[in-house]
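Participant: sequence unknown, structure follows:
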């Protein structure tokens, strides 16, 4: 990748790709560079479609059926054949085996696994090795003028998270060393070849750690780790105006970035690298791996509020009035099924009423409406309730208690949806998932009216987050559910 002219041409192609979507890549003193809107971008716009440059899958089974899948095309098959050498991968055909060997780097991985029998195929070092081999294979077959290659060359590789630095450094060292040996099994003609390859591989691993994406299915379950050089150009915000979703299936692994708010000319387009419903401390902890402290508007506001609260707590302790501070108001004593159902439907109805509001008006109205709720209702909608609600919802659904189990699960599921609607950015995919699940549940309880309400809410969210054309099993499920509910 030493052709500066080729890389320059690749960068121009990046600019052209972004320009087609109404975007510009501009330098940034604080963030290295930023993607901003070159024209007004309405919510529900597709901003990027990028096939993964390389993917490491977390499982060798289908996420829906649990059936084994081909290691290359990811299609299910009952006649998979293992690699005769390393036995760690299996294929549905000779064509897939040959493609994985030559186009996806298995030649290098197989060599290492065969010569290092103690190295488990699912160990961190092995997974790092697979990513290195797949990226190497992809970059080797692409021209330097390719936008993904040009973007990859420019990605930063920050230091590891200090809390896991020792383990990460060990994995990186092992994987980089193994990769260099596999790439140069006989370095006698160039004694420094291994050393250079190891240094380059270590840099690649640092790039992976702070740039890789997690590919998910429509229900947001993690399927694999992907390198998206173009997607990595989007910076982070804890109050994003865009989301990254995946089109995965039949061998596809494609990143799609969609706007979930209107974006004004000159405004930066950001996605979130972390779960946006988490609190400030958790978000900052998860962002350590990326090598920066987020200073978005939300983080600064929450940090200021936390500092003010700490000051009040100190004054209370000094005056002897802090005895009740820190009491967990989200424990089971504050709620009943009736309260969860009442508050849950209030939140759903409010969002149905305000779903077409302009973004700023929606944000203000949501804050004002939250202020009208009682202290007990606000506590019920706190993020701290999600763990308890999630466990209860799952336990009742899997209890095998038939109709009674569904009735017991309903209040908890409705509470989860309400917390998601109030805690996530509007049109985030996560409320889509829970609204769809709750539409199915209430339809099973023969509540067709509310099933239609939830199904249509899910449809509105899906249209913005996924669009009308992207393959989306959840969209198809909601359409079928609405047909059944309206028929009844």
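Facilitator: Ah, there it is. If you're wondering where the values come from, they're calculated on a predicted model, not measured in any experiment.

Participant: is it true that residue 423 touches residue 385?
Facilitator: No: Residue 423 lies out of contact with residue 385 (Cβ atoms under 8 Å); the separation is 10.3 Å. Heads up, the C-betas are built off the backbone N, CA and C, glycines and all.

Participant: more neighbours, these two?
Facilitator: A side-by-side neighbour count of residue 423 and residue 385, using other Cβ atoms under 10 Å, places residue 385 first with 21 against 18.

Participant: need the contact list for the spatially most central residue of the chain.
Facilitator: Nearest to the mean C-alpha position of the chain, counting by Cα atoms, centre = their mean, stands residue 214 at 5.2 Å. With Cβ atoms under 8 Å, 6 or more residues apart in numbering as the criterion, the residues that contact residue 214 are 222, 224, 225, 226.

Participant: ok, those vs residue 407, which is closest?
Facilitator: Here the nearest of the contacts of residue 214 to residue 407, counting by Cβ to Cβ, is residue 222; it sits at 31.3 Å.

Participant: State the number of residues packed around that closest one.
Facilitator: Around residue 222 there are 12 other residues, counting by other Cβ under 10 Å.

Participant: cool, residue 425 as well?
Facilitator: Using other Cβ under 10 Å, residue 425 has 22 other residues around it.

Participant: Ok, residue 13 next?
Facilitator: The number of residues packed near residue 13 is 17, by other Cβ under 10 Å.

Participant: and if you look at the one 3 residues further on?
Facilitator: Burial of residue 16, expressed as a neighbour count using other Cβ under 10 Å, amounts to 10.

Participant: For the helix or strand it falls within, name the packing helices and strands.
Facilitator: Residue 16 is part of helix 4-20 when elements are defined by DSSP states H and E. Under the contact criterion of 3 or more Cβ pairs under 8 Å, 6 or more residues apart in numbering; DSSP states H and E, helix 4-20 touches strand 23-28, helix 147-154.

Participant: Most tightly packed of the ones you listed?
Facilitator: Mean neighbour count, computed with mean count of other Cβ atoms under 10 Å, is highest for helix 147-154 among these, reaching a mean of 21.

Participant: what helix or strand is residue 48 on?
Facilitator: Using DSSP H and E, residue 48 sits in strand 46-51.

Participant: Identify the neighbouring strands of that strand in the sheet and state each direction.
Facilitator: strand 252-259 (antiparallel) (DSSP bridges).

Participant: Distance from the chain centre to the partner strand, please.
Facilitator: Averaged C-alpha coordinates place strand 252-259 at 11 Å from its chain's average position (Cα atoms, centre = their mean, to the nearest Å).

Participant: Report the mean per-residue pLDDT for it.
Facilitator: Model confidence over strand 252-259, given as mean pLDDT, is 95.

Participant: Tell me the one among the contacts of residue 214 nearest to residue 33.
Facilitator: Nearest to residue 33 among those, with distances taken as Cβ to Cβ, is residue 226, at 21.0 Å.

Participant: Flag the shaky bits of the stretch 51-200 of the chain, pLDDT-wise.
Facilitator: Residues of the stretch 51-200 of the chain that meet the criterion pLDDT under 70 lie in 158-173, 187-189.

Participant: Apply 80 and report the result again.
Facilitator: Filtered on pLDDT under 80, the stretch 51-200 of the chain yields the residue ranges 63-65, 158-173, 186-191.

Participant: Please list all residues in contact with the residue lying closest to residue 151 once chain neighbours are set aside.
Facilitator: Leaving aside its sequence neighbours, residue 151 sits nearest to residue 229 (Cβ to Cβ, 6 or more residues apart in numbering; 3.7 Å). By Cβ under 8 Å, 6+ apart, the contact set of residue 229 is 50, 53, 147, 148, 149, 151, 152, 155, 211.

Participant: count of neighbours near the nearest residue to residue 401 once chain neighbours are set aside?
Facilitator: The shortest distance from residue 401 to any non-neighbouring residue, by Cβ to Cβ, 6+ apart, is to residue 408 (7.4 Å). Neighbour count of residue 408, defined by other Cβ under 10 Å: 17.
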